[in-house]
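K.L.:
Sequence below, structure please.
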Amino acid sequence: MKTFKYTLILAICFVCYGCKVNYSFTGITDMPESFQVNFFQNTADIIEPGLDQLFTNTLQDLIVNQTSAELVTSGAEVIYEGEIVEYRISPMTATSENTAAQNRLTISVNVRYINTKDSEKDFERRFSFYYDYPAEDQLTGSIKATAFDEILERLTQDILNASLADW
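P.N.:
As a prediction, this is how the structure comes out:
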């Protein structure tokens, strides 16, 4: 009985190894060996200092954490480049006194994705997300940090899904 159990386990291992099923809980099906994220310059009308570096680093970190691809500075299999094209704060809802009750921070990024192995997968696309906060609050400190965390998490995940996942 022990021999049968070990033989069965060994057979399952060989079958799984031989199939090389490329499955991931993140939905990433097109796994590159290497990737490059070029600096995303802030070209928006309102320049938020440090947002360009924060976005670039957040995108790099997400890809490193959700793929097995290696981050390189040149000669990558896939390349992400673009610019931050919108940073806008706008009133969203009004009170009975005709003042803003809620503000919305919107950040938009233009992304060029280049797949050096398959140019049919290349794209240039705009990604945008927002964060709503009470109008009586200033976009500083922890409110700003929370807004940036939520917006950048969503933007970078959307970019990764559009480029590498089969959703």
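K.L.:
Quick one: the strands in this structure, in order.
P.N.:
34-37, 41-42, 70-71, 78-94, 100-115, 123-134 (DSSP state E).
K.L.:
Quickly compare these and say which is most buried.
P.N.:
strand 34-37 (a mean of 21; mean count of other C-beta atoms under 10 Å). Bear in mind the C-beta positions are built from the backbone N, C-alpha and C, glycine included.
K.L.:
State the mean pLDDT of that strand.
P.N.:
The average pLDDT within strand 34-37 is 97.
K.L.:
Give me the distance from it to the chain's centre.
P.N.:
Counting by C-alpha atoms, centre = their mean, to the nearest Å, strand 34-37 is centred 13 Å from the centre of its parent chain.
K.L.:
again, but for stretch 63-81
P.N.:
Remark: stretch 63-81 is offset 12 Å from the chain centroid, using C-alpha atoms, centre = their mean.
K.L.:
Contacts for it, please.
P.N.:
Residues from elsewhere that reach stretch 63-81, judged by C-beta atoms under 8 Å, 6 or more residues apart in numbering: 26, 28, 31-38, 40, 59-60, 111-117, 159-160, 163-164.
K.L.:
rerun at 7 Å
P.N.:
Residues from elsewhere that reach stretch 63-81, judged by C-beta atoms under 7 Å, 6 or more residues apart in numbering: 26, 28, 31-38, 59-60, 111-117, 160, 163-164.
K.L.:
again with stretch 48-61
P.N.:
Residues from elsewhere that reach stretch 48-61 (C-beta under 7 Å, 6+ apart): 37, 39-42, 71, 80, 84, 87, 109, 148, 152, 156, 159.
K.L.:
so what's I151 up against?
P.N.:
Applying C-beta under 7 Å, 6+ apart to I151 gives the contacts 107, 129-131.
K.L.:
before we move on, back to that, among the contacts of stretch 48-61, which pair sits farthest apart?
P.N.:
Greatest spatial distance in those: L71 and Y87, 25.9 Å, computed using C-beta to C-beta.
K.L.:
what's the offset of the single longest helix found in the chain from the middle of its chain?
P.N.:
The longest helix of the chain (DSSP state H) is helix 141-164. Once both centres are worked out by C-alpha atoms, centre = their mean, helix 141-164 turns out to sit 7 Å from its chain's centre.
K.L.:
what do you get for stretch 47-59?
P.N.:
On C-alpha atoms, centre = their mean, the centre of stretch 47-59 falls 13 Å from that of its chain.
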